[in-house]
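Novice: pasted the sequence and its predicted model underneath.
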Amino acid sequence: MSHGSFRIHDTILHKTAVAIKDIFLDGNKAEIITRFGKVFVEAEDSRVKVWFEGFDEYNRLFIALPAYENEKIYGSGEIFSEFNIIGERANVWVAEHINAIQIAKKLARQVGGIKNTQRKQSFKKYETYYAQPTFISSRKYYFHSLTTARSSFDFTGEKFHSLKIDEIAPFYIGICNSFEEVMQGITELVGRQPELPDWVYDGQIIATQGGSKRLLEANDIARDKELEANAFWIQDWEGRRVTAAGKQLFWNWEWDKVLYPDLDKIIPALNAEGKKVLGYINPFLAVEKPLYRVASEKGYCVKDKDGEDYLVTITTFPAAMVDFTNPEAYEWIKNIIKKNMIEFGFSGWMADFGEYLPTDCVLFSGENPELVHNTWPAIWARINREALEETGKLGEIMFFTRAGFSDTPRYSTMMWCGDNHTDFSIDFGLPSVIPAMLSLSVCGFGLSHSDIGGYTSFFNLRRSEELYMRWCEMNAFTPIMRGHEGLNPDLNAQFDSTEAILSHGAKMAKIHKALKPYLKDAVKYNSQTGVGVIRPLFFYYDEEQAYNECYEYLLGRDILVAPVVTQGATKRRVYLPEDEWVHLFSGEEYHGGSFDIEAPIGEIPVFIRKENKKLINILMEAAK
């Protein structure tokens, strides 16, 4: 591992087919006898569970499932560059999605005059923050493994899908009558998110950093410009470090009273205005700061093979990791969240990272890190969730995570799509978050959003006014609408950079707030059924293009969103499934087909099903 990115080498020493010697049936359960061990198959309503006994000499499981003509496959985690992954090989391993080498090559190309936003890196180089051994088929079946090890899914074969699991682990196959049933089945296994706090729908969460003065200034600007701000997110509440990479954070989870004087008084004052304040935390500790010294002295950090604290390099600086397998360390970091964040007054936070557990570390539990690595972000989400539950704040406070694995849908309250580039590039920029949100939904995480304007910015990779506004209008049509100043704020357009951005942001925040009853219903439905707020078109429309569309999505059942994902575009080709649709900004009616839709900034192509007349009236009034 380097900077959270992994190089993986795997040599198969011996592989054998499992020959059946005998089968015993008992009701809905079969016991299959082989010369290596036993295989059990049990029917559970619309799915079967398969598990194993014996096979002690083996540590890899190969599964072949039939492939069908014109079949589509989705899932394996959060995928940014594709949605339908038929014809690809997916590596199900939690990692940093964007590494330094990729950024350096991109910047070099741009300096050389090459700026191709349609360029995609090879899928075999692909890594993702959120990996999950789950996929669904266009034939309305799903696969989910209970493994914690690495998996690789090969969907390139004409006759078979070849699955490789790096341990002998149980798995499920569910066969359903609808995609809503598919999602119900998956989320019965991986869990569902609770409903969100009521305040999250009341406008835009504005990102600001740099201290108390800037926080109060941002509040004044939002109020003066009639921009509905439901919260302010100050990621540097615990301190800021300036590095060669940009303005980053000091990972010491205590209030920085120098940077944020009187924050303990500012938070309740803003709350009295109906505005919340959000913070930031991750599972690392800055080695220069007091909390690390406490953790190190108590033995709370992940160790290397020499028994020293394992320091992992993050961009340009090293940091230690809290060892979640140590019960005392687990409670220690959870109590920091309780005291320094919940008790302090934060109404939410970014629970960042979780991908960086090295496979050559030594854990307190003695477990094999290769079998724990994928679970690390799910454990991190569980710690944050327990902090809310144990303080009685679940439902009032929410946190959002970027990394995940099986069980993350059970513990996290919201995903965000990570450190996207501040551009229109199809692999890492604005377009990439649409297949990312869709693929999260089909894996069972139905609540997601992205940073308005993206995050990763260097040199000539800068957030333009146009990009900010296009991203802002897209995020108005996601469960929550939240900004980010970015890695290098001075290079980026911000929520208050120009009058045009402020006016646009106010309009979009008004629309998002008008969506509140609709979004609350969709979020509740997700919590009850596992059917996400962001949904693929093919969930309800059995049409070829619906199965292939990855840059449009359904928001709930009745809204189709087609974000403008091309720089400089003022219209967009939009595919509408066979139904009756009303264009939000013109009121024109459409049926199924493909249309060139006028889309000036501020008029994102959004269509509402004609039968929901109440929603049409509400949104058209808000969009005036």
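Specialist: Received the coordinates, thanks.
Novice: pretty sure Y201 sits against K513.
Specialist: Yes: here Y201 lies in contact with K513, judged by CB atoms under 8 Å, at a distance of 6.7 Å. Any C-beta I mention is one placed from the backbone N, CA and C, and that applies to glycine too.
Novice: which one's more surrounded, those two?
Specialist: Between Y201 and K513, Y201 has the larger neighbour count (other CB atoms under 10 Å), namely 21 against 18.
Novice: what residues are up against that one?
Specialist: 230, 480, 512-513, 515-516, 519-520 (CB atoms under 8 Å, 6 or more residues apart in numbering).
Novice: could you dump those residues into CSV and include secondary structure, distance to N219 and pLDDT?
Specialist: Rendered in CSV, the data for these read as follows (DSSP: H, G, I helix; E, B strand; the rest coil; distance: CB to CB, whole Å; pLDDT from 0 to 100):
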residue, secondary structure, distance to N219, pLDDT
N230, strand, 12, 98
I480, coil, 19, 98
H512, helix, 18, 98
K513, helix, 17, 98
L515, coil, 23, 98
K516, helix, 21, 98
L519, helix, 24, 98
K520, helix, 25, 98
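Novice: those, buried ones only, as a PyMOL selection?
Specialist: To isolate the buried members of these in PyMOL, using 16 or more other CB atoms under 10 Å:
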select buried, resi 230+480+512+513+515+519+520
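Novice: of the contacts of Y201, closest to D26?
Specialist: Using CB to CB, K520 comes nearest to D26 of the contacts of Y201, at 46.4 Å.
Novice: with adjacent residues omitted, what lies nearest to that closest one?
Specialist: Excluding the flanking residues, the one nearest K520 by CB to CB, 6 or more residues apart in numbering is Y201, at 6.5 Å.
Novice: first-to-last residue distance for stretch 278-290?
Specialist: The straight-line separation of the ends of stretch 278-290 (CA to CA, to the nearest Å) is 23 Å.
Novice: picking that back up, in CSV: the contacts of Y201, plus distance to H421.
Specialist: Conversion of these to CSV gives the following (distance: CB to CB, whole Å):
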residue, distance to H421
N230, 27
I480, 21
H512, 24
K513, 29
L515, 27
K516, 31
L519, 27
K520, 32
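Novice: and F171, what does it touch?
Specialist: 49-50, 63, 133, 143-147, 165.
Novice: if you rank those by neighbours, which is first?
Specialist: P133 (28 neighbours).
Novice: so how many other residues sit close to D306?
Specialist: 7.
Novice: residues in contact with it?
Specialist: The contact partners of D306, by CB under 8 Å, 6+ apart, come to none.
Novice: ramachandran coordinates for it?
Specialist: Here is the backbone geometry of D306 (degrees, to the nearest 10): phi -90, psi 0.
Novice: repeat that for D427.
Specialist: The phi/psi pair for D427 (degrees, to the nearest 10) reads phi -90, psi -30.
Novice: shouldn't it be in contact with Q121?
Specialist: Yes: between D427 and Q121 there is a contact under CB under 8 Å: 5.7 Å.
Novice: mutual contacts of these two, please.
Specialist: With CB under 8 Å, 6+ apart, D427 and Q121 have common neighbours S81.
Novice: comparing these two, which residue is more hemmed in?
Specialist: D427 (19 against 13).
Novice: what sits against the more buried one?
Specialist: By CB under 8 Å, 6+ apart, the neighbours of D427 are 80-81, 119-121.
Novice: what's the spacing between it and G345?
Specialist: Plainly put, D427 is 39 Å away from G345 if you go by CB to CB, to the nearest Å.
Novice: over to V41?
Specialist: 53 Å.
Novice: and what of D262?
Specialist: Counting by CB to CB - D262 and G345 are separated by 12 Å.
Novice: repeat for A599
Specialist: 41 Å.
Novice: please identify which of those two sits among more neighbours.
Specialist: A599 (22 against 17).
Novice: tell me where the stretch 201-350 of the chain has strands.
Specialist: 204-207, 229-233, 240-242, 247-249, 276-281, 284-286, 311-314, 317-321, 348-351 (DSSP state E, counting those that start in this stretch).
Novice: the stretch 351-500 of the chain too?
Specialist: 398-401, 415-416, 448-449, 451-452, 482-483.
Novice: so which of those strands is nearest E611?
Specialist: Of the strands of the stretch 351-500 of the chain, the one closest to E611 (CB to CB) turns out to be strand 448-449, at 26.7 Å.
Novice: report all helices and strands that that closest one contacts.
Specialist: strand 415-416, helix 433-442 (3 or more CB pairs under 8 Å, 6 or more residues apart in numbering; DSSP states H and E).
Novice: and these: which comes nearest N326?
Specialist: Per CB to CB, nearest to N326 of the helices and strands packed on strand 448-449: strand 415-416, 26.9 Å.
Novice: ok, residues contacting that closest one?
Specialist: Residues contacting strand 415-416 (CB under 8 Å, 6+ apart): 78, 130, 350, 400-402, 404, 408, 440, 445, 447-451, 482.
Novice: let's see it at 6 Å
Specialist: 400-402, 440, 445, 448-450 (CB atoms under 6 Å, 6 or more residues apart in numbering).
Novice: scan those residues and report the most crowded one.
Specialist: Counting by other CB under 10 Å, top hit in the contacts of strand 415-416: F445 with 31 neighbours.
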